[in-house]
Every structure is written in structure tokens, then in C-alpha cells.
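1. everything below, folded, please.
(one chain, ligands or ions: 1)
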Amino acid sequence: MSKRAADFIVQEIQQHPNSSLGLATGSTPLGLYKELINSYIQGKADFSKVSTYNLDEYYPIQKVNPQSYDHFMNENLFRHINVEPSRIHIPNGEHSSAEGACLAYDEELRRNGPLTLQLLGIGLNGHIGFNEPGDCFAGSTWAVDLSLSTIEANSRFFEDSSQVPKRALTMGIKDIMQANKILLVVSGAQKADILQKSLYGPITHACTGFRVATSSKCYCYNRQ
Ligand code: F6R
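-> As a prediction, this is how the structure comes out:
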């Protein structure tokens, strides 16, 4: 899976050296990032003109925090390839306001969009980025209040659950769907069920339209 997915991305970069790539964190893309690094070392992939846009980041969090997605991306990909630091974009967990960080990120996406390719993983419950089941489909980057179960699940990576950020910044489904191509990587028997539902199940979400878009939970800056 990782090799095929990396080849797909490398081909895209070869055809479009100025590609803008939407990237994800999590365990699923780790093998794919190793393959991309190998392709760079072997001279098959040149990232010098590529721009990257990460899906999500905790809020608030310092970039130097080993649990930040900024740190994850540097460790697992960026510092091993020739991507220009100025072309790397990750929602800013250090911004003085979560909503301000979302607006700033949307602005960057709009300026350079649409993304050439969006790489995605999927959660066991079908979440994409930090967009959980029931969240709005029409939204751009927004600040999510993490559920208690997510905070508890993530506490294993922090000293204790009080250290886990209570919010996260995530690209919305609308931003994601605007990419020219979407590459979804899914592995493991435990994800078979949700993959089957995602591919063949009915398209549903628990919230629609204006009422949800204007609720305090949903920051749909570009809603139509
Ligand atoms: C991370 C992200 C998440 C993960 C998902 C699956 O940037 O977007 O939605 O893709 O939680 O995570 P893993 O790959 O660890 O199973």
C-alpha cells in the first residue's frame, strides 16, 4: 500500500513539479512517507517546488512539542527531503486564537488552492482529519472541541490527560473535497468495516445546512 501510494504521489510530482499536496499524520502514512524519502534519495522525486498543506493540528500546542503534528511531519518527512520550509503549511497551534488560526489557514488554502492531491487516512469511526461523524460537510478549516473519549484516547501520548490539548484545528470536508485528487490510504482488518461503509454505504451526516453551519460548534467560514 505504502509503495503504491508513494509511487502515485511521485508520479504526480513528476508531472506537476509545483504540486500542492495535502498531507495527513497518523500511523497509516508512515510507510508511505518512508517511501517518499527513498524516492527523493534515489533522485526520483524533487520536492523543491512542491507546497504542502497539513490537514490538522492540536490547539493550543507549541510546534516544539513532540506530540504536535508540526513535529511529526518534520521528523517523519520534511527534514529528510528538499521541501522549502516556506512552502510548508500546517494549521498554527501557536496562534493567539483558534478561530484566527482557521481564518489564516483558509486564506493560505484559497491563495494556493485547489490542492493537486489530498492524502487522507481514516479513523475507525470514519473520521477524516478531526471531522467526526455528524460534523458539517460544508465547512472550511474549523476549530473542533475534542470529545472526552478522544482526549482520553490521546492521553497515552502525553504525560497525563490534563496535558492533552482540548481543541484541534482541522481542514473541513469542503476544503478536502476541493482537491483535484484524493488519495485515501487504509490498512488493517480493523478498518475493513468502515472502509466498506465509506465506499458503498449511503452518504449521510447528522447535520445539514444553515442551522448547523451557524451553530457555535461549526466554524463554516465559507459556507454557501
Ligand atoms: C491525521 C488525520 C486522522 C488520521 C486517522 C487515522 O492527520 O487526519 O484523521 O488519518 O485518525 O489514523 P491512523 O492512521 O493512525 O489509523
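
2. quick one: the strands in this protein?
-> Assigned by DSSP state E, the chain shows strands spanning 20-23, 51-54, 56-59, 88-89, 117-120, 142-145, 167-170, 181-184.

3. the last one: how far from the chain's middle?
-> Spelled out, that is strand 181-184. 12 Å (Cα atoms, centre = their mean, to the nearest Å).

4. other SSEs contacting it?
-> With contacts taken as 3 or more Cβ pairs under 8 Å, 6 or more residues apart in numbering; DSSP states H and E, strand 181-184 sits against helix 2-15, strand 117-120. Every C-beta, even on glycine, is put in place using the N, C-alpha and C of the backbone.

5. what mean pLDDT does the longest one get?
-> In this case it means helix 2-15. Across helix 2-15, pLDDT averages out at 95.

6. list the buried ones in it?
-> Ser2, Ala5, Ala6, Asp7, Ile9, Val10, Glu12, Ile13 (16 or more other Cβ atoms under 10 Å).

7. distance of the fourth one from His89?
-> It refers to Asp7. 24 Å (Cβ to Cβ, to the nearest Å).

8. the last one too?
-> When Cβ to Cβ is applied, the distance between Ile13 and His89 equals 17 Å.

9. before we move on, what about His71?
-> Taken as Cβ to Cβ, the span from His71 to His89 is 15 Å.

10. cool, and Glu99?
-> The gap separating Glu99 from His89 is 18 Å, by Cβ to Cβ.

11. which one's more surrounded, the two?
-> A direct count of neighbours by other Cβ atoms under 10 Å for Glu99 and His89 places His89 higher, at 18 against 14.

12. that one: what's it in contact with?
-> By Cβ atoms under 8 Å, 6 or more residues apart in numbering, the residues touching His89 are Ser51, Thr52, Tyr53, Asn54, Tyr105, Glu108, Leu109.
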